[in-house]
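# structure of the sequence below:
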Amino acid sequence: MKIYKKLAGHTVIYGLGTIIPRILNYIVLTSYYTRELDVQQFGVLTELYGYMAFLLVLLTYGTETGYFKFSQDDKNNSVYTSILASLLFSSAAFIAIVMVLYRKIAMMLEYQGNEKYIIMLALIVAVDAFSAIPFARLRKEERSRKFSWLKLINVLTTIAAVMVFYEFIPWLQEKYGIIGSINFKGEVLYVFLANLIASTLVLILLLPEIIKYKLAVDLKVLRSVLSYSFPLMLAGLAGTVNEALDKVIIKHVIPDEENALYILGIYGANYRIAMLVSIFIQMFRFAVEPFYFDYQGKDDEKVVYAKIMRLFIGVIFMMNMFILFYLHYVSWLIPSEYHEGLNIIPVLLTAFLLYGIFFNQSVWYKLTKHTGYAVLLTLVGAVVTIIANLFFVKRFSYHASAWGHLLAYLVMTLMSYFIGRRYYRIDYNLWRILEYILVALSIFGIRFFLIKEKSLIVDILSGVLILLYGIYILKREGLLDTLFKNIRGKI
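Predicted coordinates for the structure are as follows:
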């Protein structure tokens, strides 16, 4: 129980830096953006943030996981400083390249006249990429509180800057006629500027983690790290295809650009609602990834990893229940003109469940150094995603993108399971997992087929069903009695 309690504690603390900022992001910013920007402008935001996802993977080139792997015996901090120096060089080189080619890039992406978008995007990505390893060090040293505060500062600064640009400055212009005639309202550029201000502030706050070490490069160490990390970068790029390709391809698949941006706006807003589940997956990843490496070599490591998987599946089902049972409230996050896309949310939630299972399975190739399989698995998923978007979006619109996510993660999960049994076999107890799935599906059936009306009583009953499912999971995993003992001991 102590292991799972510690892991849950770190997950909760990381949640303060992940779930609270993300909730603020989705409740405040998504709600605000979808109301301040028109659907097409929100489509622009969705597309360009899709490109940002690819660039962040490229510019960190797998070094976060590489740092966790090689820093176990990093007595003189050579792993940390070598990676940090490498990221500084690559981020600076990226900015230089973009500053030379930004007009051509804007033309290629069909943003002629909006070249500032490209420059702003490049600066954000470079700053965030360089910040990645200081954040990884905080995770490695289990300094989760500082990690969380910095993430919270990032989103609060973004919100404050957005309010200044879209509310305070226009108010000054209207009331006092100052700050010129620049049109801030409805202009997506200032979303990027707010993001850049926040990322830069966080980097400044991370400086104590950077300047206290000399940025010396140990080439032997760096070669080892990059050799391990490069396949993870390729896997990350292929994985980002599954996550973000739909955001960048829709405009180029649908002939009418204005209609394409409208479709992208609808899809992007509803995708963000489903991504509320990915908040938990992200905070879980921050906590569990260092744990996997630290726990390697223990006698019961595979038993523990299997139980973590089963508990994870139970938690994700509970979160999916919450979103779907209370979707009539959650959908308030976005204006009614976006609600035509609400029917893709169950599909996306299932896709995120599969993604979480795949991430848990990734322990086998990370611990055995068979990271080349990460490339194979995510490339296969990327092929499924590409086929779904290239050949079916024109006919089925964003529904094809949502189903592409689900099918890609399903294929990746199945392949990872069967290949992993050869190199690092973990008995996940598939019959029990199937039991958890069937019980969850039964609860969904009770809620949506037997109790269809909307009322306060139904909302209360929905909460009871979710709670009962959680108790059932803890009981089946042998943790319920221990949990009650701990609670009684503190009363």
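# in terms of helices and strands, where is the closest residue to F322 other than its chain neighbours?
Distances taken as Cβ to Cβ, 6 or more residues apart in numbering put I466 closest to F322, at 6.0 Å, once the chain neighbours are dropped. Where C-beta positions appear, they are placed from N, C-alpha and C, glycine not excepted. I466 is part of helix 456-476, with elements assigned from DSSP states H and E.
# remind me what the helix or strand in which L407 is found packs against, helices and strands.
Element membership for L407 (DSSP H and E) is helix 398-423. If you count contacts as 3 or more Cβ pairs under 8 Å, 6 or more residues apart in numbering; DSSP states H and E, helix 398-423 packs onto helix 219-253, helix 257-274, helix 345-361, helix 363-367, helix 372-396.
# got those as JSON lines, with mean pLDDT, distance to P208 and mean neighbour count columns?
Shown next, in JSON lines, are these (pLDDT from 0 to 100; distance: least, Cβ to Cβ, whole Å; neighbours: other Cβ atoms under 10 Å):
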{"stretch": "helix 219-253", "mean pLDDT": "81", "distance to P208": "23", "mean neighbour count": "20"}
{"stretch": "helix 257-274", "mean pLDDT": "86", "distance to P208": "33", "mean neighbour count": "22"}
{"stretch": "helix 345-361", "mean pLDDT": "92", "distance to P208": "31", "mean neighbour count": "22"}
{"stretch": "helix 363-367", "mean pLDDT": "81", "distance to P208": "30", "mean neighbour count": "22"}
{"stretch": "helix 372-396", "mean pLDDT": "87", "distance to P208": "33", "mean neighbour count": "19"}
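# re earlier: and the next helix or strand past the helix holding L407?
In N-to-C order, the element after helix 398-423 by DSSP H and E is helix 430-445.
# off-centre distance for that next one?
What separates the centre of helix 430-445 from the centre of its chain is 26 Å, taken as Cα atoms, centre = their mean, to the nearest Å.
# in that helix, which residues are buried?
The neighbour-count check on helix 430-445 (16 or more other Cβ atoms under 10 Å) flags I433, Y436, V439, A440, I443, F444 as buried.
# not counting its own residues, what contacts it?
With contact meaning Cβ atoms under 8 Å, 6 or more residues apart in numbering, helix 430-445 is reached by 309-310, 313-314, 317, 321, 324, 465-466, 469, 472-473, 476.
# for D256, state which of the residues you listed is nearest.
L324 (32.6 Å; Cβ to Cβ).
# secondary structure element holding the closest one?
Per DSSP H and E: helix 301-325 holds L324.
# and that helix, what does it pack onto?
Contact here means 3+ Cβ pairs under 8 Å, 6+ apart; on that basis helix 301-325 packs against helix 2-24, helix 276-295, helix 345-361, helix 430-445, helix 456-476.
# just after it, pick out the following helix or strand.
Heading C-terminal from helix 301-325 (DSSP H and E), you reach helix 327-330.
# distance between that next one and the chain's centre?
22 Å.
# flag every buried residue along that helix.
Here helix 327-330 shows V330 as buried, counting by 16+ other Cβ under 10 Å.
# nearest residue to A85 in space, please, no chain neighbours.
Leaving aside its sequence neighbours, A85 sits nearest to L215 (Cβ to Cβ, 6+ apart; 4.3 Å).
# cool, and M319?
Counting by Cβ to Cβ, 6+ apart, V277 is the residue found nearest to M319 once chain neighbours are left out, at 5.1 Å.
# got a list of what that neighbour touches?
Listed by Cβ under 8 Å, 6+ apart, the contact partners of V277 are I316, M319, N320, I323, L349, F352, L353.
# between which two of those is the distance greatest?
Largest separation among the contacts of V277 by Cβ to Cβ: I323 and L353, giving 11.6 Å.
# need the strands for the stretch 1-150 of the chain, in chain order.
Using DSSP state E, counting those that start in this stretch, the stretch 1-150 of the chain contains no strands.
# which residues in it form helices?
Ranges of helices within the stretch 1-150 of the chain are 2-24, 31-36, 39-60, 63-70, 78-108, 115-140, 144-163, based on DSSP state H, counting those that start in this stretch.
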